[in-house]
Structure formats: structure tokens, C-alpha cells
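Just the structure for this:
(one chain, ligands or ions: 1)
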Amino acid sequence: MAITIEPFFHKQTSTISYVVFDNVAKLAFIVDSVLDFDIESGKVAKSFAHDQLDFLLVNCLKLVYIFETHAHADHLTSANYLREKTGAKIAVSANVVGIQKHFKAFFNDTQLIADGGCFDLLLDDNQQLDFSDTRINILSVPGHTNDSIALLIDGNVFVGDTLFMPDQGTARCDFPGGDAATLFSSVARIHALPENFKLWMCHDYQPGGRPLAYQCTVKESKDNNLHINNESTLSEFVSVREKRDGTLPVPKLLYPAIQVNIHAGKLPKREDNGQAFIKIPLMI
Ligand SMILES: [Fe+2]
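So this is what the prediction gives:
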């Protein structure tokens with residue numbers, strides 16, 4: 001069995017979501033799905049999810065898992081919608097419960113039961129999931145967030161936001177539960193994998209206007225990553241990362257993304273006037 005990887009680029013959020021499939025067994029999983037959301041109007045759409053559903057349909061693939069590499073702060077997940085349409089299981093790190101508890105308190109979210117129950121599979125470090133005649137290995141890679149995982153299957157590693165392409169480096173570590181020193185260790189874990197393993201990124205912001213890129217090898221990453229490479233020391237990285245994080249703006253979709261993603265992509269219930277809302281905390 002050989003797996004095939006089909007990337008889908010969501011331009012508005014610079015997210016790359018993957019449909020990974022075995023074209024013989026006709027089984028598939030999705031990594032880091034996206035729900036279309038317009039912050040100005042509040043309009044929710046499912047066109048990106050439908051691009052992936054159409055792909056599954058055309059290729060006669062049965063979706064078995066929907067993975068979230070972490071609770072994203074920059075885009076909304078369509079995991080719940082994909083689950084409704086396919087019956088696939090939503091799989092996340094068991095550490096998502098800590099993220100839920102934090103943000104349930106922050107948003108005073110009375111609709112959320114913060115026990116991970118809105119997801120189907122809560123994954124532990126080094127856990128293995130059967131997929132066709134192979135296995136998906138779960139690697140806990142905290143740092144960007146405490147619930148970050150990487151998925152390893154047949155020499156391919158879906159790294160979430162633990163690494164970006166070498167010319168962009170790493171993602172911010174200043175969200176609650178994030179930690180630059182911890183990210184350094186997590187990247188070292190990925191860089192310790194065989195050099196020919198392929199890393200698949202969750203985001204690409206096309207620095208300098210270069211063409212979209214989302215895949216490199218372990219060797220390319222550890223030789224050339226802007227922030228953590230063969231030459232990097234922990235103290236240098238932490239200093240660079242924390243300095244940069246101090247300059248970064250709040251992600252445009254932070255509040256809606258977190259509120260929806262800790263519910264596995266379920267939108268807030270409609271209130272008694274028939275309207276659903278997202279909260280924005282006032283910094284006063
Ligand atoms: Fe992220």
C-alpha cells in the first residue's frame with residue numbers, strides 16, 4: 001500500500017489542509033480542515049469543505065479520520081461539518097482538554113463541557129492508529145500550543161504549526177500554553193527523524209512573495225530552517241522567538257477560531273432570537 005497526499009490550499013488563511021488516502025483500500029483521512037468564515041459579515045460557508053468532500057466522492061474514498069494538529073487560532077475548522085457528512089472520527093491531542101478549560105473560563109463559555117467529549121478520539125503521545133494496512137503514529141510536539149501533535153505515516157510527517165518552510169522558520173509561541181523552549185525540544189524531535197522523511201506544513205505565508213510551498217525533507221529543514229537548524233542553540237532560539245512574538249499582531253480570526261475550534265467546529269447554538277453569536281472580549 002502506498003499513501004497519496006492531496007493538498008488543498010485555503011488562500012484566505014494561508015492554510016494547507018491535506019486529504020491523505022490509500023487508493024486501493026479507498027480509505028482517507030483529512031488533516032487540519034477549514035471552514036470559510038468572513039469576519040466582517042459573520043458569514044460562514046462550506047465551499048472549502050465541499051472541495052474536499054467532492055474529492056472524496058470522485059475518488060470513491062471513505063473518510064475515516066479528521067485530524068486537528070492543534071486548536072488553531074487563525075482559521076476555523078470544518079471538522080464537525082465533515083463528521084456530519086461522512087461519519088468520520090475527529091481526532092485531536094488529549095491535551096486539548098487543557099485548552100478547552102482555559103478558554104471556557106476566558107470566554108465564559110457556558111455551552112462547552114471541557115472534557116474533550118465533543119471530539120471522538122483523544123490522542124496520547126506515541127499512540128498508533130490503524131489506517132488501511134499501515135499505521136499513523138502520533139507525536140506530541142508542544143510549544144506552539146500545548147496540544148500540538150504531528151502525524152507520522154509511511155515517511156510523511158504532518159507537522160501542524162510546529163515548523164514552517166525553512167525560509168519562514170517557526171510559528172509563534174505566545175498563545176496560552178505556548179512556550180518557545182518547549183517548541184525547541186519538539187522541533188528537535190522532528191529533526192531527529194530520518195533525513196529523507198517528508199515534512200508537510202499546515203501554513204505557508206509565501207515570504208517575499210515566493211510561490212506557495214508546503215513540503216520539505218527533514219534534512220532540508222534541519223539544514224536551513226531560519227529559526228531552528230543544526231547551528232541553533234536553545235537560548236538563541238528562545239530569544240529570537242520571544243522577541244518576534246512581542247511584535248506580532250493578534251491573528252485576525254483569533255476569537256472566532258478559538259471559540260469554534262474548542263467545540264470541534266460546532267458553531268455556537270442559536271439564542272432565543274434565532275441568531276448565533278461569537279464573543280469578542282473587550283480589553284478595558
Ligand atoms: Fe496554529
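
I'd assumed residue 253 was in contact with residue 280.
No: contact criterion C-beta atoms under 8 Å: residue 280 and residue 253 do not qualify, at 11.6 Å. In short, each C-beta sits where N, CA and C put it, glycine included.

Mind listing what's buried along stretch 77-97?
77-83, 85-86, 88-97 (16 or more other C-beta atoms under 10 Å).

Out of these, name the ones that lie in strands.
89-93 (DSSP state E).

Near the ion, list only the ones from the buried residues of stretch 77-97.
Restricting those to those within reach of the ion (C-beta under 5 Å from the ion) leaves nothing.

Give me the nearest residue to residue 140, chain neighbours excluded.
Using C-beta to C-beta, 6 or more residues apart in numbering and skipping residues adjacent in sequence, the residue nearest residue 140 is residue 125, 3.6 Å away.

ok, residue 41 - contacts?
By C-beta atoms under 8 Å, 6 or more residues apart in numbering, residue 41 lies in contact with nothing.

show me where the stretch 1-150 of the chain has helices.
47-58, 79-86, 96-107 (DSSP state H, counting those that start in this stretch).

Dump the ones you listed into CSV; add distance to residue 169 and mean pLDDT as well.
Shown next, in CSV, are those (distance: least, C-beta to C-beta, whole Å; pLDDT from 0 to 100):
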stretch, distance to residue 169, mean pLDDT
helix 47-58, 26, 98
helix 79-86, 27, 98
helix 96-107, 23, 98
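
Give me the phi and psi for the closest residue to residue 124 other than its chain neighbours.
In this structure, residue 124 finds its nearest non-sequential neighbour in residue 94, 5.6 Å apart by C-beta to C-beta, 6+ apart. The phi/psi pair for residue 94 (degrees, to the nearest 10) reads phi -60, psi -20.

Equivalent analysis for residue 186, please.
Dihedral angles for residue 186 - degrees, to the nearest 10 - are phi -70, psi -40.

what sits against the spatially closest residue to it that is not a sequence neighbour?
Nearest non-adjacent residue to residue 186, counting by C-beta to C-beta, 6+ apart: residue 141, 3.7 Å away. By C-beta under 8 Å, 6+ apart, the residues touching residue 141 are 148-150, 159-160, 162, 186-187, 189-190.

are any of these buried, and which?
148-150, 159-160, 162, 186-187, 190.

Okay, and which of those map to strands?
149-150.

For the ion, see how far away residue 31 is.
Going from residue 31 to the ion by C-beta to the ion, to the nearest Å gives 13 Å.

wouldn't that residue be in contact with residue 158 here?
Yes: in terms of C-beta under 8 Å, residue 31 counts as a neighbour of residue 158; the distance is 4.7 Å.

Since that was my last question, I'll sign off now.
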